[in-house]
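In: can't give you the sequence, but here's the structure:
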């Protein structure tokens with residue numbers, strides 16, 4: 001949806017009033033004092049020059065000079081003080097919108113994060129909150145600046161009307177011509193930005209590759225620094241090419257502006273000189289009117305520049321609003337989660353990614369029952385992890401429905417539904433926080449440290465953490481703490497596992513939970529899971545190592561997004577089907593390695 005400038009201004013004013021009412025009061029006071037400043041510099045020099053070329057009364061000159069200097073000092077002090085209070089408030093206001101943008105990004109259906117169109121929308125929306133003088137914060141600044149300029153303009157106009165009306169008309173027309181040209185250029189600038197959104201996103205990614213130390217090993221050992229640098233240079237050159245085109249257009253506008261400025265200066269000087277020679281004005285009047293014309297023209301330019309800015313930034317604010325409002329859901333849609341225990345039922349669920357015809361999950365039907373340990377197995381690309389992302393509502397089904405105790409999961413608030421799950425995905429993330437924070441992922445005041453300690457012990461990390469100087473308060477990585485450490489792959493996975501155990505959700509989901517563990521640790525881990533059975537909880541495991549599925553109550557063998565076999569380990573072995581073949585293939589590898 002496209003909003004016009006007035007609609008977006010009203011939207012921002014309402015949001016600003018909601019977030020910080022004091023900002024409006026401070027700006028009103030600032031506008032009052034700042035609107036007076038230009039007239040101090042226009043009127044007082046006239047009186048000084050008239051006195052110097054007239055009676056030359058020393059006492060009068062001293063009084064005029066004192067009033068002039070003291071007024072300037074007082075007004076500049078007040079406006080500078082107010083500006084120092086207003087500027088941080090503008091920035092804090094922008095961060096309210098930044099936070100809202102971030103929350104919306106985390107609310108997008110997860111499968112859409114792999115859609116380049118959505119990624120471009122995210123990037124376009126982020127431009128409107130990317131700086132102090134662009135987008136939303138820039139618009140707030142310009143709204144109040146525009147009001148200030150209008151008030152000053154009215155005052156200058158009342159003085160300028162004493163001059164020739166034709167001159168005033170010329171000043172207005174020349175300013176409008178420049179305004180029209182600049183408006184067209186700003187529209188081109190936005191179109192360029194829109195076209196370059198994908199290029200900018202690629203530049204950011206490649207730049208991060210070159211600066212992120214976590215990619216350092218691959219870049220060095222595979223010798224790809226030059227290759228990545230070349231890609232970066234190519235992308236930057238593409239952006240520079242479009243910037244040069246835009247700069248040429250700005251050059252034309254600036255040259256035209258200089259042309260009109262020279263004509264204006266010449267006309268005004270000639271007119272004022274003629275009036276002075278004919279004794280129609282004093283030298284003080286000459287100075288005052290010349291300053292009035294300069295200020296008047298400058299004020300017209302500022303007003304028109306503000307109009308151009310508001311209209312150009314309006315397009316970015318449209319991007320922000322359309323992005324934010326497109327994923328906003330009505331709270332009234334939600335119903336409360338039912339009481340435990342939970343059964344989750346898939347009914348003819350199919351899934352494919354946006355803008356793709358390839359079906360990842362096809363007609364999947366199964367009931368995940370409480371107290372059961374269920375394994376999803378199969379080759380890479382079989383659809384195991386995708387089915388779990390559907391279960392957790394990271395993805396939404398393309399066809400079919402998923403039910404929790406007979407209620408469609410679409411009827412629940414996602415945040416509350418997410419709380420049902422304790423997950424350990426294969427591509428888990430460890431944050432640049434201390435170990436306690438990485439496990440609890442909540443405020444310190446809400447952290448159960450005894451539970452953290454118990455789960456650290458469960459996953460076999462007690463000895464490692466006890467050896468650290470700050471124990472579980474030790475920071476991981478050096479992004480936020482120069483004393484931070486980096487754990488091994490297996491140790492990091494155990495921290496992620498402790499996090500899942502600490503959350504203590506109603507449904508435990510483990511995606512290759514022992515991938516980075518040695519055989520002894522893996523055996524201990526499955527013994528732990530075997531002892532954890534709770535009739536009020538569901539346990540789901542994804543694994544390539546079929547030996548680890550023996551303790552599960554039910555196994556689903558997936559292939560090309562479909563369940564091709566199911567049963568417990570013994571039943572599937574007896575069938576001599578796909579599960580048996582995969583199991584024997586893995587067992588043969590172990591036999592060969594033992595023989596070797």
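Out: Received the coordinates, thanks. Remember, it's a predicted structure, so these values are computed and weren't measured experimentally.
In: from what I can see residue 1 touches residue 324, true?
Out: No - contact criterion Cβ atoms under 8 Å: residue 1 and residue 324 do not qualify, at 11.7 Å. In this view, the C-beta of every residue, glycine as well, is placed from N, C-alpha and C.
In: quick one: residue 215 and residue 436, what's the gap?
Out: Here the criterion is Cβ to Cβ, to the nearest Å. By it, residue 215 lies 28 Å from residue 436.
In: Could you check which of those two has the larger neighbour count?
Out: Ranked by neighbour count (other Cβ atoms under 10 Å), residue 215 and residue 436 place residue 436 first, with 21 against 14.
In: Could I get the pLDDT score of residue 596?
Out: Note for residue 596: predicted pLDDT of 42.
In: next one: residue 591
Out: Reading off the model, residue 591 has pLDDT 56.
In: could you list every residue that touches residue 375?
Out: Contacts for residue 375 (Cβ atoms under 8 Å, 6 or more residues apart in numbering) come out as 540-543, 548-549, 552, 554-556.
In: let's see 10 Å
Out: Residue 375 makes contact with 384, 510, 539-543, 546, 548-557, 568-569, according to Cβ atoms under 10 Å, 6 or more residues apart in numbering.
In: got it, and residue 354?
Out: With Cβ under 10 Å, 6+ apart, residue 354 has these contacts: 109, 111-112, 114-118, 398.
In: Can I have the buried ones of the contacts of residue 375 as a PyMOL selection?
Out: Command for PyMOL, covering only those of the contacts of residue 375 found buried under the criterion 16 or more other Cβ atoms under 10 Å:
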select buried, resi 384+510+539+540+541+542+543+546+548+549+551+552+554+555+556+557+569
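In: domains for this protein, by residue range?
Out: Domain segmentation of the chain under automatic domain parsing yields 5-326, 429-504.
In: most centrally placed residue in the protein?
Out: Centroid-nearest residue in the chain: residue 102, 4.6 Å away (criterion: Cα atoms, centre = their mean).
In: tell me which element that one is part of?
Out: helix 58-105 (DSSP states H and E).
In: Give me the helices and strands touching that helix, please.
Out: Under the contact criterion of 3 or more Cβ pairs under 10 Å, 6 or more residues apart in numbering; DSSP states H and E, helix 58-105 touches helix 5-19, helix 22-52, helix 116-127, helix 135-160, helix 283-326.
In: Looking at the ones you listed, which is nearest to residue 466?
Out: Across these, residue 466 has its closest neighbour in helix 116-127 (42.8 Å, Cβ to Cβ).
In: Tell me how far the closest one lies from the chain's centre.
Out: Relative to the centre of its chain, helix 116-127 is centred 9 Å away, using Cα atoms, centre = their mean, to the nearest Å.
In: How about stretch 268-283?
Out: In terms of Cα atoms, centre = their mean, the centre of stretch 268-283 is found 58 Å from the chain centre.
In: and that stretch, average pLDDT?
Out: Stretch 268-283 comes out with an average pLDDT of 83.
In: Next: stretch 203-218.
Out: The average of the pLDDT scores along stretch 203-218 is 76.
In: buried residues in it?
Out: 203, 206, 209.
In: re the thing from before, return the distance of the residue nearest to the centre of the chain relative to residue 95.
Out: According to Cβ to Cβ, residue 102 stands 10 Å off from residue 95.
In: Show me the common contact partners of the two, please.
Out: Common contacts of residue 102 and residue 95 (Cβ under 10 Å, 6+ apart): residue 129.
In: ok so, going back, kindly present the buried residues of stretch 203-218 as TSV, with separate columns for distance to residue 153.
Out: Formatted as TSV, the buried residues of stretch 203-218 follow (distance: Cβ to Cβ, whole Å):
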residue	distance to residue 153
203	41
206	47
209	51
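In: Let me know the closest of the residues you listed to residue 450.
Out: residue 209 (41.7 Å).
In: Just to check, the closest one is in contact with residue 235?
Out: No - Residue 209 is beyond contact range of residue 235, at 11.9 Å (criterion: Cβ atoms under 10 Å).
In: and the closest residue to residue 544 other than its chain neighbours, what does it touch?
Out: Closest residue to residue 544 apart from its sequence neighbours, by Cβ to Cβ, 6 or more residues apart in numbering: residue 512 at 6.8 Å. Neighbour list for residue 512: 384-385, 424-428, 493, 541-545, 548 [criterion: Cβ under 10 Å, 6+ apart].
In: This completes my enquiry, with thanks.
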